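Would you be able to build a 3D model of this:
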Amino acid sequence: MKKLALLFLLLLIAAAGAGAWVYMRVGEPYRGYEGPELIVEVPSGAGSRAIGDRLVAAGVVRDALSFRLGLYLSGEARRLQAGEYRFDRAMTPMQVIDKLARGT
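A predicted model of the protein is given here:
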């Protein structure tokens, strides 16, 4: 019984640690491009994976995992809009997703 309780406690600690990592990763601003601003074009018909890859390659989002976690948590995956987007400051993945969902 004690071993089962210890196993449960370890699983609970691991789950809390994973949750904290996700929260920090999605809420951490990132700017991996040089220059005062960057324009990224999101083509019409691009899926969320292609959009995430484009944002990672441009240096707007740190990595694809952070972007996909942000999409999952926000529920905005189907609302991302095509267009040209200007980025001029460090943004969290959630802020980038919100920008693309609003089309601004």
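
What's the separation between Val96 and Leu38?
12 Å (CB to CB, to the nearest Å). C-beta coordinates here come from the backbone N, C-alpha and C atoms, glycine included.

Between the two, tell me which one has more neighbours.
Val96 (24 against 16; other CB atoms under 10 Å).

which other helices and strands contact the helix or strand containing that one?
Using DSSP states H and E, Val96 sits within helix 93-102. Applying 3 or more CB pairs under 8 Å, 6 or more residues apart in numbering; DSSP states H and E, one finds that helix 93-102 contacts helix 2-26, helix 64-74, strand 83-87.

now the angle from the helix or strand that the first one is followed by to strand 83-87?
Right, the one you point to is helix 2-26. Downstream of helix 2-26, the first helix or strand assigned by DSSP H and E is strand 38-42. Orientation check (axes from the mean of the first three to the mean of the last three CA atoms, to 10 degrees): strand 38-42 against strand 83-87 gives 150 degrees.

gap between strand 38-42 and the chain center?
In terms of CA atoms, centre = their mean, to the nearest Å, the centre of strand 38-42 is found 16 Å from the chain centre.

How about residues contacting that strand?
Applying CB atoms under 8 Å, 6 or more residues apart in numbering, the contact partners of strand 38-42 are 51, 54-55, 58-60, 80-88, 100.

Just the buried residues of these.
With neighbours counted by 16 or more other CB atoms under 10 Å, those contain buried members at Ile51, Arg54, Leu55, Ala58, Val60, Leu80, Tyr85, Phe87, Leu100.

CSV for those, including distance to Ala14 and pLDDT?
As requested, the buried ones among the contacts of strand 38-42 are exported to CSV (distance: CB to CB, whole Å; pLDDT from 0 to 100):
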residue, distance to Ala14, pLDDT
Ile51, 31, 97
Arg54, 33, 97
Leu55, 30, 97
Ala58, 34, 97
Val60, 31, 97
Leu80, 32, 96
Tyr85, 37, 97
Phe87, 35, 97
Leu100, 33, 97
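
show me the contacts for Pro43.
Shown in contact with Pro43 (CB under 8 Å, 6+ apart): Ala82.
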